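Undergrad: Need a 3D model of the following:
(chains A and B)
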Number of protein chains: 2
Amino acid sequence: MTATPVCVLGLGLIGGSLLRAAANAGRTVFGYNRSIDGVQAATADGFDASADIDATLVRAAETGALIVVAVPMPALPTMLTHVAEIAPDNPLTDVISVKSAVLDGVREAGLLDRYVGGHPMAGTAFSGWAAGTGRLFIDAPWVVSVDDHVDPHVWSQVMHLALDCGSFVVPARSDEHDAAAAAISHLPHLTAEAMAIIASDVPLAFALAAGSFRDGTRVAATAPDLVRAMCETNGPELLPLLDRTIELLTETRRALADGGSVAELVEAGHAARTRYDSFTRPNTVGIVIGEEDWRDTLAASGRGGWVIRSALPGPDSR
Amino acid sequence: MTATPVCVLGLGLIGGSLLRAAANAGRTVFGYNRSIDGVQAATADGFDASADIDATLVRAAETGALIVVAVPMPALPTMLTHVAEIAPDNPLTDVISVKSAVLDGVREAGLLDRYVGGHPMAGTAFSGWAAGTGRLFIDAPWVVSVDDHVDPHVWSQVMHLALDCGSFVVPARSDEHDAAAAAISHLPHLTAEAMAIIASDVPLAFALAAGSFRDGTRVAATAPDLVRAMCETNGPELLPLLDRTIELLTETRRALADGGSVAELVEAGHAARTRYDSFTRPNTVGIVIGEEDWRDTLAASGRGGWVIRSALPGPDSR
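TA: Modelled structure (predicted):
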């Protein structure tokens, strides 16, 4: 299979890192960024970038490029309108953190047939082209959605892009991804914000803060707009987890006040973290993309912890 | 001033690291550990350790050593009884995480006159002699208590030990230390336990977990007994912070459910974390240990972020 060209829309931390990583892997890759500053920075670093969305999408249409939407959630509808006008038949993916919301937007734009959602679970507290690195995705999980509609050809293309960037692929349904992302990312962002606020109100706290506080509140340094976009777009999955957090802390508060013990929370938390530490990710084998029930089979494998580290065979490899 | 010998009681992660760090700094240092395994490991590594508490304390009494209590909180009363019997006149400090509780125990044992509390803000998720390192305390805050009773000679000795281990000294009252420790350590331990529990209940969550989850729940890997000892001993300071956390998350839950926004928490959290990142620790100057109002002056300086990186002049340097 000849590698499909890649067209990255948005050259911030994630899009800019993707442009570098795909180029490092030998892929033909070009990008668009709204701000001319980002384009100039990328060009100065030797990459192929433009501030002209129409010209970029014409080029994508002419070359059959895999289009990767890497803009913040609020900019998604406008971007999808451009894609629908100029490159409606191109394979399409994205790297945005809430998959159900993107799926809805893609459906409204009439682009569902050629869309396979994606989400590399990588990032830093910084943003913009300059914060990016071609090594950002190495050994990171990259979710590739296996919703009922997804096309096996496009799925293969997105899988290859993730593998080329050094990630391993976790196949998942969009709704299951969003519930998991709420648990491991969106909720921890909110509790980190709360920890930072509380410490800032206690005299001497910052003076004593050491590694555990720095690590535990690291994500509170993320730009507020990004945190809001993730959490506010994923409300349906986040609300029940917030309720569960409040419930656990309320029970613990009562146990500490009444019996002087936090044993229940601490034992359960330690056991859960120990399970996480021993969680392994064996390689998926024996699944052929496009064969009967391939989407359900992949979704079940992802749920069980199986991941894709080398390309599965599929419609273009047979 | 000739450096005082150091006697470390308890050779776990903190005590064992302290034994190494003090030895590396050229101090005469010897230790006691209850389990013979720890003693053998320390001896095999070339350090001076014994499983005989009476002999160790007789040696401390004969050499005028600074005694450092480094046992877990539940073992404190028994250890202090031994000290009161054999070495009641030695200078005494500790490295236990809740200062008011230790202060109470020391008072009950009749050892208050020669006691100055200490707490190096350093650690890992591991425990035992083998987990220790002589570099554990480098560039870490080490609280040295400035409660009303503290003796300037003993205070100087504890300050010198902390500096010899590579730490900087934060002077603080025991109650203020405990409130700050609740904010930057004990409360974040409990929320990390909750995050680990919640993620373990969501299918796919561990499969997607990446750096931010690993960092954010790192402290949930700490041995449950240690977390319980810290939190349960510090209930009076921890309870109001648990209430505040529940309040912040409840307000956020309501704002997300009703208005689709988490702006208030996220903006405030980001601002707080930004203040932490720009928090500097200038060097304390111009204070002489033992001069009039030296305890209050040091407490005020610690509250303001001033720290001691090179020894302040004191009663033994004049």
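Undergrad: Quick check: nearest residue in space to residue A:128, chain neighbours excluded?
TA: In space, not counting the residues next to it along the chain, residue A:128 is nearest to residue A:12; the distance is 5.8 Å by CB to CB, 6 or more residues apart in numbering or on different chains. Any C-beta I mention is one placed from the backbone N, CA and C, and that applies to glycine too.
Undergrad: what does residue A:187 give?
TA: The shortest distance from residue A:187 to any non-neighbouring residue, by CB to CB, 6+ apart, is to residue A:241 (4.8 Å).
Undergrad: Now do the one you found, the pLDDT please.
TA: Reported pLDDT at residue A:241 in the predicted model: 98.
Undergrad: same deal with residue A:1?
TA: For residue A:1, pLDDT reads 50.
Undergrad: ok, now residue A:99?
TA: 96.
Undergrad: neighbours around it, how many?
TA: 25 (other CB atoms under 10 Å in any protein chain shown).
Undergrad: again with residue A:293
TA: Residues near residue A:293, counting by other CB under 10 Å: 10.
Undergrad: Residue A:250 contacts residue B:245, doesn't it?
TA: No. Look at residue A:250 against residue B:245 with CB atoms under 8 Å: they stay out of range, at 10.0 Å.
Undergrad: Quick check, the residue in the stretch 1-150 of chain A closest to chain B?
TA: residue A:121 (4.1 Å; CB to the nearest CB).
Undergrad: go on, the stretch 51-200 of chain A?
TA: For the stretch 51-200 of chain A, CB to the nearest CB, closest residue to chain B: residue A:193, 2.5 Å.
Undergrad: Quickly find the element holding that residue.
TA: Using DSSP states H and E, residue A:193 falls within helix A:187-200.
Undergrad: which residues in the stretch 1-150 of chain A form helices?
TA: According to DSSP state H, counting those that start in this stretch, the stretch 1-150 of chain A carries its helices in the segments A:13-24, A:36-44, A:53-63, A:76-86, A:99-108.
Undergrad: Not counting sequence-adjacent ones, nearest residue to residue A:234?
TA: Nearest residue to residue A:234, sequence neighbours excluded (CB to CB, 6+ apart): residue A:98, at 4.6 Å.
Undergrad: check contacts around the one you found.
TA: Contact partners of residue A:98, counting by CB atoms under 8 Å, 6 or more residues apart in numbering or on different chains, are A:73, A:178, A:181, A:230, A:233-234.
Undergrad: could you redo the last one with a cut-off of 10 Å?
TA: A:73, A:104, A:117, A:119, A:174, A:177-178, A:181-182, A:186, A:229-238 (CB atoms under 10 Å, 6 or more residues apart in numbering or on different chains).
Undergrad: Just the buried ones among those, please.
TA: Neighbour counting with 16 or more other CB atoms under 10 Å in any protein chain shown marks A:73, A:117, A:119, A:174, A:177-178, A:181-182, A:186, A:229-235, A:237-238 as buried within the contacts of residue A:98.
Undergrad: Now intersect the residues you listed with the helices, please.
TA: Using DSSP state H, the subset of the buried ones among the contacts of residue A:98 located in helices is A:174, A:177-178, A:181, A:229-233, A:235, A:237-238.
Undergrad: Turn these into TSV, columns for pLDDT and distance to residue A:86.
TA: Below are these laid out as TSV (pLDDT from 0 to 100; distance: CB to CB, whole Å):
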residue	pLDDT	distance to residue A:86
A:174	97	25
A:177	96	28
A:178	97	29
A:181	95	30
A:229	90	25
A:230	91	29
A:231	96	32
A:232	96	30
A:233	94	26
A:235	96	32
A:237	96	33
A:238	98	35
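Undergrad: Can you say which of the helices of the stretch 1-150 of chain A is packed in most?
TA: Stretch with highest mean neighbour count among the helices of the stretch 1-150 of chain A: helix A:13-24 (a mean of 25; mean count of other CB atoms under 10 Å in any protein chain shown).
Undergrad: Quick one: work out the angle between that helix and helix A:36-44.
TA: For helix A:13-24 against helix A:36-44, the angle by axes from the mean of the first three to the mean of the last three CA atoms, to 10 degrees is 20 degrees.
Undergrad: can you tell me if helix A:13-24 touches chain B.
TA: No. Helix A:13-24 lies out of reach of chain B by CB under 10 Å from any CB of the partner chain, never closer than 13.0 Å.
Undergrad: how far out from the middle of the chain is that helix?
TA: With CA atoms, centre = their mean, to the nearest Å as the basis, helix A:13-24 stands 14 Å off its chain's centre.
Undergrad: again, but for stretch A:159-168
TA: Relative to its chain's centre, stretch A:159-168 lies at 13 Å (CA atoms, centre = their mean).
Undergrad: okay, how far is it across it, tip to tip?
TA: Counting by CA to CA, to the nearest Å, you get 9 Å between the two ends of stretch A:159-168.
Undergrad: hang on, the earlier thing: keep only the ones in helices among the buried ones among the contacts of residue A:98 that also lie close to chain B.
TA: Answer for these near chain B (CB under 10 Å from any CB): A:177-178, A:181, A:230-233, A:235, A:237-238.
Undergrad: From residue A:117, how far off is residue A:134?
TA: Distance, residue A:134 to residue A:117, by CB to CB, to the nearest Å: 23 Å.
Undergrad: if we can go back for a sec, helices or strands up against the helix holding residue A:193?
TA: In terms of contacts (3 or more CB pairs under 10 Å, 6 or more residues apart in numbering or on different chains; DSSP states H and E), helix A:187-200 is packed against helix A:205-208, helix A:211-216, helix A:224-233, helix A:235-259, helix B:187-200, helix B:211-216, helix B:235-259, helix B:263-277.
Undergrad: per-domain residue ranges of chain A.
TA: A:6-172+A:281-303, A:178-252 (automatic domain parsing).
Undergrad: Okay then, goodbye and thanks.
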